[in-house]
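Q: no sequence on this one, just coordinates:
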């Protein structure tokens, strides 16, 4: 089942997460939300944005400029540049008020996505737009009239997981069967099936979505909208690696679209290409900087006003941590720590993002730097727990047993204090438990009690695997704790069980270099030198920079 939340977007703004390239928060939707114009020279309020990939089809309009904005709106929508897409469609309506499909585009682009729902009041605003499009569609093509009629069904209890969403998907599927060679219809239909599946956390109708997208890619292998949704659909279906050949080329096909440059990292992470996941997000973050400047979002907090920048940073940190790229992880983490304080002291997402930065510092920064990090305070209880975890992790690297135990003892947050996390309170509470469990394991390893460490790591791993599966774009906890369990078993003199647990870890975290180190050491402990050498070579191949395997207590 798909990992539900992209925690770069804040579950406190929207029910689940998405990613865009040149946007501010997707809710509430706005018909026109372009960038801030550069006063010298003056720029039009709305522009055609190039480099966002493929999309669009011919519609009936009296002005070529309206057609151009409609086409660009489709490209932007497929790239999850939600507000920019709505902006383009609204400009097309402005240029040709009688254009039925321009109105359709505006209403469609403001609807729910696979990552967030919309409220009833928003549906109430959108249905009249589609009804107006229907009144203007008398001379439109049969396909376009069918598209408009299908969209009318969406905005009757269709906020993302209601009966209107299923009615819309069924109507779109009929169009897809009537026009089997139409890629745009296939993409819209696949997306329509994926939306309720994602927002309800099921796999219902995903096989049909995959079928539609694979057909589209067979016809047009470089269709960026099809590639984008195929990455999501395969990930949601549990076979994300199938999208790898397409992920490899997506960024070059849409070089200006931050989200499409980011999207391959989903596939890369799933198949164990952690360094490539980092690189994709580093490039996406650079595009965010250019987008922020274009929109006039200046100042230290400007770039963070882009909806998906935080997701790119958090995902990049995740890739760097697994890849062993300390400088890469710290560079991204520093941008988080340099961010101005949240205007909401207990804001859930701000705390979650800080947690990712603390992971990087705890693992890779000098201990003095970690100890210099300011206490987030009692109003940010989750962030404070992860701050303590970072201090404990740095202490473990320094071999300071007393400090590790002291920090672990203070990692505890009552569920009532996690109200900012709303329905994700159980998952965030689980993160706190995992942090305490990992430090407890570190301390036991430093004390020379690997069997005690194994029990602590095992319990933390079970929590991670049972409760944190919803937070996995990338996985919420920075590494697979079962890896540490395997290392502790090996240190306790049980290489057979250590091998079994490490092999299980690789199923969840393919090619994880440090899990491969455990396997290498376990093979060596069983006098299987060739296997040990092979595993160590694999570990080094997946690691950035000079390879120095951590001691058993830090694996």
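A: Structure's in. What do you need? The structure presented is a predicted model; accordingly, all values stated were derived computationally and were not measured. Residues are numbered from 1 along each chain as shown.
Q: so residue 241 touches residue 272, yeah?
A: No - between residue 241 and residue 272 there is no contact under C-beta atoms under 8 Å: 9.3 Å. In short, each C-beta sits where N, CA and C put it, glycine included.
Q: those two - which one has more neighbours?
A: residue 272 (19 against 15; other C-beta atoms under 10 Å).
Q: touching, the more buried one and residue 508? I think so.
A: No - look at residue 272 against residue 508 with C-beta under 8 Å: they stay out of range, at 10.5 Å.
Q: hey, where'd the strands end up in the chain?
A: Applying DSSP state E to the chain gives no strands.
Q: which residue sits closest to residue 491, ignoring its sequence neighbours?
A: Among residues not flanking residue 491 along the chain, residue 450 sits closest, at 3.7 Å (C-beta to C-beta, 6 or more residues apart in numbering).
Q: how many residues are close by the one you found?
A: Neighbours around residue 450, by other C-beta under 10 Å: 22.
Q: what about it, distance to residue 304?
A: 43 Å (C-beta to C-beta, to the nearest Å).
Q: now swap in residue 492 and tell me
A: Taken as C-beta to C-beta, the span from residue 492 to residue 304 is 45 Å.
Q: those two: which is more packed in?
A: residue 304 (22 against 17).
Q: wait, that one touches residue 338, no?
A: No - taking contacts as C-beta under 8 Å, residue 304 lies outside contact range of residue 338: 10.4 Å.
Q: residues touching residue 322, list them.
A: By C-beta atoms under 8 Å, 6 or more residues apart in numbering, the contact set of residue 322 is 269, 274, 277, 478, 479, 509, 512, 513.
Q: OK, contacts around the nearest residue to residue 289 once chain neighbours are set aside?
A: Spatial nearest neighbour of residue 289, chain neighbours left out: residue 303 (5.9 Å); criterion: C-beta to C-beta, 6+ apart. With contact taken as C-beta under 8 Å, 6+ apart, residue 303 is in contact with 288, 289, 292, 297, 309.
Q: and those residues, which is closest to residue 420?
A: Residue 420 lies nearest to residue 309 out of the contacts of residue 303, by C-beta to C-beta, at 20.4 Å.
Q: neighbours of the closest one, how many?
A: 29.
Q: and if you look at the one 10 residues further on?
A: The local packing of residue 319 (other C-beta under 10 Å) involves 26 other residues.
Q: for stretch 218-226, measure first residue to last.
A: 10 Å (C-alpha to C-alpha, to the nearest Å).
Q: can you list contacts of it?
A: Under C-beta under 8 Å, 6+ apart, the answer for stretch 218-226 is 52-55, 74-75, 78-79, 181, 183-184, 186-187, 213, 216-217, 246, 249-250, 253-254, 257, 260.
Q: how about residue 275, nearest residue that isn't a chain neighbour?
A: residue 323 (4.3 Å).
Q: and the one you found, what does it touch?
A: 274, 275, 277, 278, 513, 542, 543, 544.
Q: isn't residue 265 up against residue 277?
A: Yes - if you go by C-beta under 8 Å, residue 265 and residue 277 touch, sitting 4.0 Å apart.
Q: those two - which one has more neighbours?
A: Using other C-beta under 10 Å as the criterion, residue 265 and residue 277 rank with residue 265 on top: 30 against 27.
Q: the more buried one: what's it in contact with?
A: So residue 265 contacts 276, 277, 278, 280, 281, 315, 316, 319, 474 (C-beta under 8 Å, 6+ apart).
Q: rerun that using 7 Å as the cut-off
A: Going by C-beta atoms under 7 Å, 6 or more residues apart in numbering, residue 265 touches 277, 280, 281, 315, 319.
Q: which non-adjacent residue is nearest the first one?
A: Leaving aside its sequence neighbours, residue 277 sits nearest to residue 319 (C-beta to C-beta, 6+ apart; 3.4 Å).
Q: from residue 257, how far off is residue 75?
A: From residue 75 to residue 257 the distance is 8 Å (C-beta to C-beta).
Q: higher neighbour count, these two?
A: residue 257 (32 against 26).
Q: list the residues that contact that one.
A: Neighbours of residue 257 in contact, by C-beta under 7 Å, 6+ apart: 21, 51, 52, 53, 79, 81.
Q: quick one, helices of the stretch 101-250 of the chain?
A: Ranges of helices within the stretch 101-250 of the chain are 120-136, 142-154, 163-178, 183-199, 206-219, 224-237, 244-253, based on DSSP state H, counting those that start in this stretch.
Q: can I get those in TSV with mean neighbour count and distance to residue 397?
A: Converted to TSV, the helices of the stretch 101-250 of the chain look like this (neighbours: other C-beta atoms under 10 Å; distance: least, C-beta to C-beta, whole Å):
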stretch	mean neighbour count	distance to residue 397
helix 120-136	18	49
helix 142-154	21	53
helix 163-178	19	49
helix 183-199	26	39
helix 206-219	20	43
helix 224-237	26	33
helix 244-253	18	34
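Q: next, format those helices as TSV and append distance to residue 434.
A: Conversion of these to TSV gives the following (distance: least, C-beta to C-beta, whole Å):
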stretch	distance to residue 434
helix 120-136	37
helix 142-154	40
helix 163-178	34
helix 183-199	25
helix 206-219	29
helix 224-237	23
helix 244-253	29
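Q: nearest to residue 64, out of those?
A: Across the helices of the stretch 101-250 of the chain, closest to residue 64 is helix 142-154 (C-beta to C-beta), at 17.4 Å.
Q: can you list the residues that contact that closest one?
A: Against helix 142-154 from outside (C-beta under 7 Å, 6+ apart): 59, 100-101, 104, 107-108, 111, 130-131, 133-134, 137, 164-165, 167-168, 171-172, 175, 179.
Q: same check, this time on stretch 358-365
A: Contacts for stretch 358-365 (C-beta under 7 Å, 6+ apart): 317, 321, 326, 329-330, 333, 369-370, 373, 386-387, 389-390, 393-394, 478.
Q: and with 6 Å instead?
A: 317, 326, 329, 330, 333, 370, 386, 387, 390, 393, 394, 478 (C-beta atoms under 6 Å, 6 or more residues apart in numbering).
Q: what's the spacing between that stretch and its chain's center?
A: 21 Å (C-alpha atoms, centre = their mean, to the nearest Å).
Q: and that stretch, which residues are buried?
A: 358, 359, 360, 361, 362, 363, 364, 365 (16 or more other C-beta atoms under 10 Å).
Q: what's the closest of those to residue 191?
A: So of those, ranked by how close each gets to residue 191 (C-beta to C-beta), first place is residue 359, at 33.0 Å.
Q: and the gap between the closest one and residue 526?
A: 33 Å.
Q: what does residue 199 give?
A: 48 Å.
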